[in-house]
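Undergrad: How does the following fold in three dimensions:
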Amino acid sequence: MNDRSPSAVEESSGVICQDRLHKFKNRYVTYTVRPRPDSKKLAFVFSGVDATPGTCRMSYFALGETLDATVVHIMDNFGAHGCYLLSVAGDQQIRNAVIALIRLLQNEFSCTDKQTYFLGASKGATTSIVYALMTGGGNVLCGEPQILLGDFIFSERWQELEQWRSLAYAMLGRVDPCDRPLLNRVVLDIAERYGPRFRGEITIDIGDTGYLEKHVSHLQSLSRELGFDDKIQIKCHAFTKHEEVIPVFLETAQNTLNTHMPTDAHKP
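TA: So this is what the prediction gives:
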């Protein structure tokens, strides 16, 4: 089921913004589309952690006006602050709903995996990587992903941070620091299962923030073990604060999607 909103908003760029709802079994995915079918590129943008509870804003919404691509923003409204769109209270059905949506829109806009892009920073970066892996292809453009979710959510003074407790509750249906090892395995298990047959490309922008050692190195090590490390490119930058990845990530997205098109994109 793919219910389009009866209303669509025409923005200053002349691109129509369509609000839509996708139903897959017992899950509903809310998303927006700004179609540019002539570009032959399809970009999915995933949200970071929303510090304001209950608002469920879509990160980097202006990308829909500026990228030479049909841009899709998927709303992560599972829990007050989101849930990485990986599971809801331990139920992984949301994964299947998002994958089904990706395939639906690839078909609607006649885009192959090579013409599909997954974008995000921080939580959105993690989500971009895992959905590219699970779909088997696509081009990931992301900044500073969390790989060990347990270490991230149950970090020092986690009790004082409402959004971290909310992430744990949304994903597992409880808040228990004993779940730290379980959450640490979420991304790595996906990479272990789907990585060996992944045919896409993953580009990760990262700074001198500790994210390389604490998170990305674990994905690097596993990808080397499984033989898909050639699919991952890590670009190191001089910034020292995690939030400073945002302008770097946005620049990468703009430069890539507004100039680059794989030469064999139209091949099956």
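Undergrad: Assign residue 86 to helix, strand or coil.
TA: Here residue 86 is recorded as coil under DSSP: H, G, I helix; E, B strand; the rest coil.
Undergrad: heads up, I number from 359, so please use that
TA: Happy to do that; since the first residue is 359 now, the last one works out to residue 444.
Undergrad: Show the model's pLDDT score for it.
TA: For residue 444, the pLDDT comes out at 92.
Undergrad: wait, what's in contact with the closest residue in space to residue 383 that isn't next to it in sequence?
TA: Nearest residue to residue 383 in three dimensions, chain neighbours excluded: residue 451, at 6.2 Å (Cβ to Cβ, 6 or more residues apart in numbering). All C-beta spots, glycine's among them, are computed from the backbone N, C-alpha and C. Residues near residue 451 by Cβ atoms under 8 Å, 6 or more residues apart in numbering: 382-385.
Undergrad: One more pass at 7 Å, please.
TA: 383-385 (Cβ atoms under 7 Å, 6 or more residues apart in numbering).
Undergrad: Sketch out the low-pLDDT regions of the chain for me.
TA: 359-373, 618-626 (pLDDT under 70).
Undergrad: hmm, 50 instead?
TA: 359-365, 370, 620-626 (pLDDT under 50).
Undergrad: in a strand, that's where residue 380 is, yeah?
TA: Yes: counting by three-state DSSP, residue 380 is part of a strand.
Undergrad: Run a quick check on it versus residue 457, I expect a contact.
TA: No: look at residue 380 against residue 457 with Cβ atoms under 7 Å: they stay out of range, at 11.0 Å.
Undergrad: More neighbours: which of these two?
TA: When neighbours are counted by other Cβ atoms under 10 Å, residue 380 and residue 457 differ, and residue 380 comes out ahead with 20 against 15.
Undergrad: ok, now how distant is that one from residue 598?
TA: Separation of residue 380 from residue 598 (Cβ to Cβ, to the nearest Å) stands at 39 Å.
Undergrad: Also residue 475?
TA: The value you get for residue 475 to residue 598, if Cβ to Cβ is used, is 28 Å.
Undergrad: Show me which of the two is the more surrounded one.
TA: residue 475 (27 against 10).
Undergrad: beta partners of the more buried one?
TA: residue 401, residue 497 (DSSP bridges).
Undergrad: Tell me who's in contact with it.
TA: If you count contacts by Cβ under 7 Å, 6+ apart, then residue 475 has 399-401, 427, 496-497, 499, 615 around it.
Undergrad: rerun at 8 Å
TA: Contacts of residue 475 (Cβ under 8 Å, 6+ apart): 399-402, 427, 496-499, 614-615.
Undergrad: Same question for residue 487.
TA: Here residue 487 is in contact with 476, 498, 500, 503, 545, 549, 560, 577 (Cβ under 8 Å, 6+ apart).
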